[in-house]
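Student: Have a look; sequence and predicted model below, questions after that.
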Amino acid sequence: MYLDIHTHLTHSQFAGEQDAVLARANDAGLGAIVVNGLEPISNREVLAMAELHPVVQPALGIYPIDAVCNQLPDNFALEVEKFDVDAEIEFIDSMAREGKLRAVGECGLDGHWVGEETFAEQERVFESLVDIAIRHHLPVIIHTRKREVRSAEIVRALGAKHVDFHCYGGKVKNALRWAREDGWWFSIPANARRNEAFTKMLRELPEERVLTETDAPYMAPEPGARSEPAAVVGTIAYLAELKGWSVEQARDQVWANYQALISVE
């Protein structure tokens, strides 16, 4: 079966279309679609979607910019709603405790949109969410932008083993080293054919550390298009080309990788 380890079907671009999108994913052969939450509203929408659609695997998290929502200026470049971050951490912990989650995420660190004055709070929230994942035997799905090395330091120090870096944008040599030495996974989005770094990662990562994602509606195979989970089929075809495998071999390898990621003891 095919896998989308990281998507955002709660995004407004999918409003009223989730059923059709999931039907196309089913037709394409997806066996798991891990829908990631970002803040209180999307986290609850993820849970509701998972109740209706067995293929949807819920991951709850706090996006690093949302993690510092109460520190952002009124004229911040992005629209970010303020909420009680600690209450949301507790909610995610409670959902994990009740066995309702497949993963914790997305969560992580951002150095692109916000500056150093937010780093301490970002790290506090990130560490809290990684701790939830570890205590409840769940994988953690990480978003990091311009703070890849620090993110790696934190998950390594906390002892997290089942870690997926989604849409990794740091130095490829670090990803290759962390996959080999730390055993972490890296999920590659559907625009890999037109991205040199993602191509290199598909080609050179240890085969057992590769996962597929869409980050839908973003990172589509074609510029300006809306991505959706069915697009992982193209990424698997590309992986097969790069490795000299059959499509079935590439698909089954990534599915086995997913099973290994979620088999946390």
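Tutor: Great, that's in hand.
Student: Strands of the stretch 151-265 of the chain, residue ranges please.
Tutor: Assigned by DSSP state E, counting those that start in this stretch, the stretch 151-265 of the chain shows strands spanning 163-166, 185-188, 210-212.
Student: then the second one to PDB, C-alphas only?
Tutor: Listed next in PDB are the C-alpha coordinates belonging to strand 185-188 (Å, rounded to 0.1, in the frame of the first residue of the first chain):
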ATOM      1  CA  TRP A 185      13.300   8.700   8.900                       C
ATOM      2  CA  PHE A 186      12.900  11.400   6.300                       C
ATOM      3  CA  SER A 187       9.700  11.900   4.300                       C
ATOM      4  CA  ILE A 188       9.900  13.200   0.800                       C
END
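Student: Just the buried positions in that strand, please.
Tutor: 185-188 (16 or more other CB atoms under 10 Å). Bear in mind the C-beta positions are built from the backbone N, C-alpha and C, glycine included.
Student: who does it touch, helix- and strand-wise?
Tutor: For strand 185-188, the contact count by 3 or more CB pairs under 8 Å, 6 or more residues apart in numbering; DSSP states H and E identifies strand 163-166, helix 172-181, helix 196-204, strand 210-212 as packing neighbours.
Student: How far does the third one sit from its chain's centre?
Tutor: Its chain's C-alpha centre lies 18 Å from the corresponding centre of helix 196-204 when counted by CA atoms, centre = their mean, to the nearest Å.
Student: Quick one: mean pLDDT over it.
Tutor: For helix 196-204, the mean per-residue pLDDT is 98.
Student: Surely G29 touches D4?
Tutor: No. The criterion here is CB atoms under 8 Å, and G29 misses it with D4 at 11.4 Å.
Student: Look at these two and report which has more neighbours.
Tutor: D4 (33 against 13; other CB atoms under 10 Å).
Student: That one belongs to a helix?
Tutor: No. Assessed with DSSP: H, G, I helix; E, B strand; the rest coil, D4 is strand; it does not lie in a helix.
Student: residues in contact with it?
Tutor: Contact analysis of D4 by CB atoms under 8 Å, 6 or more residues apart in numbering lists 25, 30, 32-34, 212-214, 216, 229, 232.
Student: How about L3?
Tutor: For L3, the contact set (CB under 8 Å, 6+ apart) comprises 30-32, 34, 211-212, 232, 254-255, 258.
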